[in-house]
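>>> Can you look at this prediction? I've put the sequence above it.
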Amino acid sequence: MKRNPTAFLKKEYDELVKNSFDWKLRILKTGSTPHSVVDGKEVIMLCSNNYLNLSNHPRLIKGAVDAAKKFGAGSGSVRAIAGTMELHMEVERKLAKFKRTESSLIYQTGFAANAGLIPQLVSKGDIIISDELNHGSIIDGVRLTRTDRAVYKHCDMGELEKVLKDADKKYNRILIITDGVFSMDGDIAPVDQIVKLANEYGAMTYADDAHGEGVIGPDGRGIGAHFGIEGKIDVEMGTFSKAFGVVGGLIAGSQDLVNFAYNKSRTWLLSGSHPPAVAGAQLAAIDVLETEPQHVKNLWDNTKYFKKELNSMGFDTGHSETPITPVIVGESSKAKELSNRLYDEGVFALPIVFPMVARDKARIRTMMNAGLTKKDLDFALEKFEKLGKKLEII
Ligand SMILES: *Cc1c(COP(=O)(O)O)cnc(C)c1O
């Protein structure tokens, strides 16, 4: 057949642009710092995942530089063949200690952890039960299985129990997966109740704590520590790319889990390991979390202040319990306009619009940073108030 085999590329892209669903890349001239230069303009950064500002911490930078100087720019191989350095092992030992679990394993990214491990935990005759608002990388991990699936309403434990009761009779293994902190609304999954239900029905539990790692729980030790159930979640998965300020996926749990995971996850087995600089920075990040509690404290002080002020201005910030604070404005077009005007005034925060959230729940999603000062926050708040009134949001 005579066809233009690549015509769809432009056609689909043009369609995205027409509907304003395309991603316009914003270019940073600085590091990801509390004051960043984005597209040539200095702004207060309110949409990076660098919650603790660790990506700019001198100890992390030194960790990266020292490791690169000593061990080179690349690792030379996948972990399973010749790409496991003493550094990688040290990160895993330190991380398990930090998470109070028996063992841990580092993946290239959090996405690679979900895509590589989830499909190995279940097979035909099993079932995966997911929260309806789980992250896209979980959804892709689930899609790589031939397992049956069920979805429960967001954080609805009654519905989860109903599904479990039914699944108990029909399936061999049962795997419950949830985000720990949900990235759009900033709410926290009731993982303590999920673990309790899982124990009753003999199900496995998997919590993706990408936004909780380094943020919630004492010293930022994550979702297990937050609920005082360390070591009770079968798979605690997380990332070094957010609060830890580096990059890399992680799981923490039993030695049995880790032995199984690294022998079975294709993303782990078939993809190069982290360069020494990455491992060096990861090590330093854990060290900093263990020895400098001020970063987590600052993050939460800033978060509480910012939320309180937004609420007293009359903004709807949903039911966030974390440093992710959505400022819900309604129509998608209004959220986009607010974001653009905030940028013009020196505040960088992106809109989240339909279809990522409901049509009437478009919002600006703000992410707090431990490195912002009260003066920075007041500056941002003043702009929110001024523009909120102008656009008749408050
Ligand atoms: C960011 C994120 C990931 C992916 O983590 P990376 O290490 O950046 O690949 C996975 N799950 C959730 C919930 C996330 O927010």
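Arrived safely, thanks for sending.
>>> Within range of the ligand, give me the residues from the stretch 151-300 of the chain.
Taking Cβ under 6 Å from any ligand atom as the test, the list of the stretch 151-300 of the chain residues beside the ligand reads 179, 183, 208, 210-211, 239, 241, 249. Every C-beta, even on glycine, is put in place using the N, C-alpha and C of the backbone.
>>> Out of those, show me where the pLDDT dips lowest.
Looking at these by pLDDT, the weakest one is residue 183, with 91.
>>> Report the secondary structure element holding it.
Using DSSP states H and E, residue 183 falls within no helix or strand.
>>> List the contacts of it.
135, 210-211, 324 (Cβ atoms under 8 Å, 6 or more residues apart in numbering).
>>> In JSON lines: those, plus neighbour count and secondary structure.
Listed next are those as JSON lines, based on neighbours: other Cβ atoms under 10 Å; DSSP: H, G, I helix; E, B strand; the rest coil:
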{"residue": "135", "neighbour count": "21", "secondary structure": "coil"}
{"residue": "210", "neighbour count": "29", "secondary structure": "coil"}
{"residue": "211", "neighbour count": "28", "secondary structure": "coil"}
{"residue": "324", "neighbour count": "24", "secondary structure": "strand"}
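>>> of those residues, closest to residue 313?
The closest of the contacts of residue 183 to residue 313 turns out to be residue 324 (Cβ to Cβ; 18.6 Å).
>>> for the nearest residue to the closest one once chain neighbours are set aside, phi and psi?
With Cβ to Cβ, 6 or more residues apart in numbering as the criterion, residue 324 has its nearest non-adjacent residue at 3.2 Å, and that residue is residue 186. Reported as degrees, to the nearest 10, the phi and psi values for residue 186 are phi 70, psi 20.
>>> where does residue 186 sit relative to residue 328, distance-wise?
Look at residue 186 and residue 328: by Cβ to Cβ, to the nearest Å, they are 12 Å apart.
>>> How about residue 287?
38 Å.
>>> More neighbours: which of these two?
residue 328 (20 against 15; other Cβ atoms under 10 Å).
>>> before we move on, the earlier item: can you count the residues close to the residue nearest to residue 324?
So residue 186, with other Cβ under 10 Å, has 24 neighbours.
>>> if I pick it, what's in contact with it?
Going by Cβ under 8 Å, 6+ apart, residue 186 touches 211, 318, 320-326.
>>> Kindly report the same for residue 265.
107, 112-113, 116-117, 120.
>>> quick revisit: give me the common contacts of residue 186 and residue 328.
Common contacts of residue 186 and residue 328 (Cβ under 8 Å, 6+ apart): residue 318.
>>> ok, residue 216 to residue 268 distance?
On the measure of Cβ to Cβ, residue 216 and residue 268 end up 26 Å apart.
>>> Check residue 100 too.
23 Å.
>>> Kindly report the same for residue 306.
For residue 306 relative to residue 268 (Cβ to Cβ), the value is 38 Å.
>>> Equivalent analysis for residue 129, please.
24 Å.
>>> Same check on residue 116?
Counting by Cβ to Cβ - residue 116 and residue 268 are separated by 5 Å.
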